[in-house]
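> below: sequence and its predicted model.
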Amino acid sequence: MTSTLHDSQKRTFHGDHSAGHDGQGEEHRDLRLFGLATFLVADAMTFAGFFAAYLTFRSVNPLAAGAIYEQELLLPSLNTLILLASSITFHQASKALMGSQPDGYRRWLLISALLGSTFMVGQMVEYFHLPFGLTDNLFASTFYALTGFHGLHVTLGTLMILIVWFQARQPGRFTPDNHFGFAAAELYWHFVDGIWIILFALLYLL
Amino acid sequence: MTVALQSSPPNQQDSGSWRDYFSFSLDHKVIGIQYLVAGFCFYLVGGALAGMIRVELVTPLSDFIGRETYNQVLTLHGTVMIFLWIVPVVNGAFGNYLVPFYVGARDMAFPRLNAVAFWMLPPAGLMLLSSYFISGAAQSGWTAYPPLSITTPAVGQIIWIVSVLLLGGSSIFGAVNFIATVLKMRRPGLQLFRLPLFCWAMLATSVLVVLTTPVLAGALLLLSMDIVAGTGFFNPSLGGNAVVYQHLFWFYSHPAVYIMVLPAFGLVSEILPIHSRKPLFGYKSMVYSILAIVFLGMIVWAHHMFTSGTPPWMRLFFTIATAIIAVPTGIKFFNWLATLWNGKLALNSAMLFCCGFIVNFVLGGITGVALAQVPFDIHVHDTYFVVAHFHYIVYGGTVFVIFGAIYHWFPKMSGRLLDEHLGRLHCLLTFIGFNLCFFPQHWLGLNGMPRRVAEYDPQFQLINQVSSVGALIMAISTLPFLINVFSSLVAGKAAGDNPWKALTPEWLTSSPPPVENWHGEAPLVEEPYGYGHREGSLSLEALSGRELWSQGR
């Protein structure tokens, strides 16, 4: 009785989902996904701040004559497709998990992680071929800051997918009713994907 | 990790060991007190720094400390007081201690995250203070405006940025926790509109934290790239735009004022009804004005930037939005006065501090509305008028409430009452010292004394000395408080479970409360403010507004 709540918290936070309701009404619903969603709102606001700064720079601070900021669109467009595809494959993983196909959902997870890594490789290739460096001008700095901050998110997301993929080798680790780690990685991944769409539109297309 | 809670045998669970307070405890009450004590230690540091500022300003020349040291002291004072005392205490301490009680929960939604959020605080604070000894602290004020923050010594500025990022992260984690707790952890049958008002205040504050703190974090990341990597986001000489930093900074830092003051509004709304034995007047209008403050608070930031080349349409918009925010704030003040009206007032220390808050905050609010007017603002921008206004809000407002709340909840936290004589002495000295220190600064500002400089025109010397005497009285006022706390902890009168005969749930358990808050089931409090009479008994025979007021909900 004394430490029911803290015990159960400890168990759930360690990812052991065997902790059932002990009939004393001390357990509360699993709010971790709700908490993560709230945190992602905060994360989105960081990007919103960056986007606002970028748009203000663009409209108020004209670049010096001759500054290059037109970019090659082929690679980033391919990268966009790759990231979109990874969201779809993660969704497939989710559908497979809900249909209780352990092999299926692990495979889809791995494909999603590979697509995420491919995106990062594409980003690296793009960085090496850009005609401007970090401190060349205001646009260049903003470009690297925004894509770099987003790339950090993609890297973290890919790591999250790989961790979930690794955990999932244990049979019954994620079930249709109980799969917080999986759902967290999925939410985060879709979030990162959505941010990229806005970022792509603002940095490359605008 | 949960040793402190789980290793104690069941019989001793009520009386925690002092070691709990130095552990990674997951108990929301322990974490609340950790925030309170750590915050108060930083308050003493920030107060000592303020003392140095006031000593320096006794004479017009910088003869006590050098100019650069003065800048560092000023920066540390602002940063410590805001990020390590007021924000953590008014949110982290009282929010953590009270919100789980109020929603009828055994703990916060994420106890582990809660402990992580607290333990980010001491390292960040110590790192910030240590920067003074390593290489000199940041010199650009708590605002860290570029180009000043780019051109002053880099190491101190970078340490400052890292500390503030850590503290901001801690604040966001706390806010995520509060939102989940208030919205999702209420005991069955407890509706949102039955919650004590402090829960609404914490919910609103947390929404502000989640929406605005990340913007500051983003601005500081860009600023650190300017300092370290040589980019020119905010550096005009590299084609950048310093005003964009100001926009991003104030997008957080204006709401930060509400992050500091909304929880204080909530605490006052808890304390006043209990000590005037009357229901809180206008509960729903209180809730709606909190929500209005959240919305309006996010669209007024540029009133800090009227001298930053803001275009006329922007000045017009932000002046009007700022003036409108006085309306919901005013509603709250009238509601508090109506709560006091014809009440059976107990003029104890908690009540006196809250009354002091009402007086001070109204003055700060009036100067705030004045500052929102562009012509006036341009006249007094960057003068001591702004310093006076700001301190009336955060010290006269929030810090007064923090002390009132300590007098009110100390019996619950410790099981012992604080001494009332020392408490009233503390309140009197604080009120006199505070007003003596900051009221004359309005005059200084109106007459053109700029803020943030160690040297000033000799004509201002007398008034500065008056202000410094006030600061000395404020420093002295801490003594009766400290004596009171320590002597009461050892030999104070036993408080009993409910010394104030209050109805809110934290008083319906033992003092101090057991580990999971109640021995049995959490009580369902439908009417947290049902003092004096039952709901719905508003008499139809009431003839005058005064009679209605004395019975109003």
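Yep, that arrived. Remember, it's a predicted structure, so these values are computed and weren't measured experimentally. Numbers count the residues shown, from 1 in each chain, chains lettered A, B, ... in the order given.
> for A:Ser112, give its distance to A:Asp193.
Separation of A:Ser112 from A:Asp193 (CB to CB, to the nearest Å) stands at 10 Å. In this view, the C-beta of every residue, glycine as well, is placed from N, C-alpha and C.
> who's more crowded, the two?
Neighbour count, other CB atoms under 10 Å in any protein chain shown: between A:Ser112 and A:Asp193, A:Ser112 has more, with 28 against 22.
> tell me the spacing between the more buried one and chain B.
Distance, A:Ser112 to chain B, using CB to the nearest CB, to the nearest Å: 26 Å.
> I'd like to know how many residues surround residue 171.
I'll assume chain A. Neighbours of A:Pro171 under the rule other CB under 10 Å: 7.
> hm, I was asking about chain B
By other CB under 10 Å, the residues close to B:Ser171 number 26.
> in which helix or strand would I find it?
Assigned by DSSP states H and E, B:Ser171 belongs to helix B:154-184.
> any residues in contact with both of A:Ser112 and A:Asp193?
Common neighbours of A:Ser112 and A:Asp193, using CB atoms under 8 Å, 6 or more residues apart in numbering or on different chains, are A:Ser86.
> in chain A, what secondary structure element scores lowest on mean pLDDT?
Using mean pLDDT, DSSP states H and E, the weakest-scoring helix or strand in chain A turns out to be helix A:4-13, at a mean of 39.
> which of the residues in the helix holding B:Ser171 are buried?
Under the neighbour-count criterion of 16 or more other CB atoms under 10 Å in any protein chain shown, helix B:154-184 has B:156-183 buried.
> what about chain A, any weak spots by pLDDT?
A:1-27, A:65-69 (pLDDT under 70).
> check the offset of the helix ranked longest in chain B from the chain's centre.
If you go by DSSP state H, chain B has its longest helix at helix B:242-276. Chain-centre distance of helix B:242-276: 7 Å, with CA atoms, centre = their mean, to the nearest Å.
> state the mean pLDDT of the following helix or strand past that helix.
Next helix or strand after helix B:242-276 toward the C-terminus (DSSP H and E): helix B:283-297. What helix B:283-297 shows for mean pLDDT is 96.
> show me where chain A has its helices.
With DSSP H as the criterion, chain A has helices at A:4-13, A:32-60, A:74-98, A:102-129, A:138-167, A:180-200.
> can I get the ones you listed in a markdown table with distance to B:Ser25?
Compiled in a markdown table, the helices of chain A are given as follows (distance: least, CB to CB, whole Å):
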| stretch | distance to B:Ser25 |
| --- | --- |
| helix A:4-13 | 10 |
| helix A:32-60 | 20 |
| helix A:74-98 | 36 |
| helix A:102-129 | 37 |
| helix A:138-167 | 28 |
| helix A:180-200 | 24 |
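> so for B:Leu444, which of the ones you listed sits nearest?
Closest to B:Leu444 of the helices of chain A is helix A:32-60 (CB to CB; 35.3 Å).
> distance from the closest one to the middle of the chain?
How far helix A:32-60 lies from its chain's middle: 14 Å, per CA atoms, centre = their mean.
> do the same with stretch B:475-494
Per CA atoms, centre = their mean, the centroid offset for stretch B:475-494 relative to its chain is 22 Å.
> where does B:Pro100 fall, secondary structure wise?
According to DSSP H and E, B:Pro100 maps onto helix B:94-103.
> ok, the nearest residue to B:Gly448 once chain neighbours are set aside - how many residues close by?
Counting by CB to CB, 6 or more residues apart in numbering or on different chains, B:Gly448 lies nearest to B:Thr383, which is 6.3 Å off, once chain neighbours are set aside. For B:Thr383, the neighbour count with other CB under 10 Å is 19.
> next one: B:Val490
Residues contacting B:Val490 under the criterion other CB under 10 Å number 8.
> tell me the spacing between it and B:Val37.
Distance of B:Val490 to B:Val37, given as CB to CB: 16 Å.
> cool, and B:Ala321?
Noted for B:Ala321: a distance of 38 Å to B:Val37, by CB to CB.
> the two: which has the busier surroundings?
Counted by other CB under 10 Å, B:Ala321 and B:Val37 do not tie: B:Ala321 has more neighbours, with 19 against 13.
> wait, isn't the more buried one in contact with B:Met298?
No. Applying CB atoms under 8 Å as the test, B:Ala321 and B:Met298 come out as separate, 9.6 Å apart.
> on that earlier part again, for the helix or strand that comes right after the helix holding B:Pro100, packing partners?
Of the helices and strands lying after helix B:94-103 in sequence (DSSP H and E), the nearest is helix B:111-119. Secondary-structure packing of helix B:111-119 (3 or more CB pairs under 8 Å, 6 or more residues apart in numbering or on different chains; DSSP states H and E): helix A:4-13, helix B:28-56, helix B:154-184.
> using CSV, lay out these together with distance to B:Gly404.
Formatted as CSV, the helices and strands packed on helix B:111-119 follow (distance: least, CB to CB, whole Å):
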stretch, distance to B:Gly404
helix A:4-13, 31
helix B:28-56, 14
helix B:154-184, 21
